[in-house]
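**Student:** The sequence and its predicted three-dimensional model are supplied below.
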Amino acid sequence: MGENSMDNQVQIVKLNGIINTNNSQNLRDNITELQESGAKIVLVDCQDVTFMDSSALGALVLAFKALRATGTKLVLCSINEQVRILFELTGMDKVFEIFPSQDEFHQVVLSKN
């Protein structure tokens, strides 16, 4: 039973490819829909993202705020160099908790429970 309740608390969103104006709204919708799932944490896995622009970042921030309003945390993992630089330039690396990998995320989260 124990492990299963953990799974329900974490929803993982895997992103891939290029995230820009064309699909950032979609990204935001996909993440904010997870509020319904009752997850405590939404993990956005960016391992397969090749490029992200400022509209993607804006979408993540809006999703982050929407989730926070319902008590859900949005965290990221596995961001590439380009995304990291974008986050650092905009100060968003201070807003989001960013984990090096999904494994790292699970270790931290499991150790807190």
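**Tutor:** Noted; the coordinates are in hand. Numbers count the residues shown, from 1 in each chain.
**Student:** For the nearest residue to residue 37 once chain neighbours are set aside, which residues count as its bridge partners?
**Tutor:** Excluding the flanking residues, the one nearest residue 37 by CB to CB, 6 or more residues apart in numbering is residue 11, at 5.5 Å. Glycine gets a C-beta too; all of them are placed from N, C-alpha and C. Beta bridges link residue 11 to residue 42 when assigned by DSSP bridges.
**Student:** For residue 11, list the residues it contacts.
**Tutor:** Neighbouring residues of residue 11 by CB atoms under 8 Å, 6 or more residues apart in numbering: 34, 37, 39, 41-43.
**Student:** make it 7 Å
**Tutor:** By CB atoms under 7 Å, 6 or more residues apart in numbering, residue 11 lies in contact with 34, 37, 39, 42.
**Student:** Quickly check these for the two that are furthest apart.
**Tutor:** The widest separation within the contacts of residue 11, taken as CB to CB, falls between 37 and 42 and amounts to 8.6 Å.
**Student:** now the helices for the chain?
**Tutor:** 2-9, 24-32, 54-69, 81-90, 102-112 (DSSP state H).
**Student:** now the ones you listed in JSON lines, with mean neighbour count and distance to residue 47?
**Tutor:** Shown next, in JSON lines, are the helices of the chain (neighbours: other CB atoms under 10 Å; distance: least, CB to CB, whole Å):
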{"stretch": "helix 2-9", "mean neighbour count": "10", "distance to residue 47": "19"}
{"stretch": "helix 24-32", "mean neighbour count": "17", "distance to residue 47": "15"}
{"stretch": "helix 54-69", "mean neighbour count": "18", "distance to residue 47": "15"}
{"stretch": "helix 81-90", "mean neighbour count": "14", "distance to residue 47": "11"}
{"stretch": "helix 102-112", "mean neighbour count": "13", "distance to residue 47": "8"}
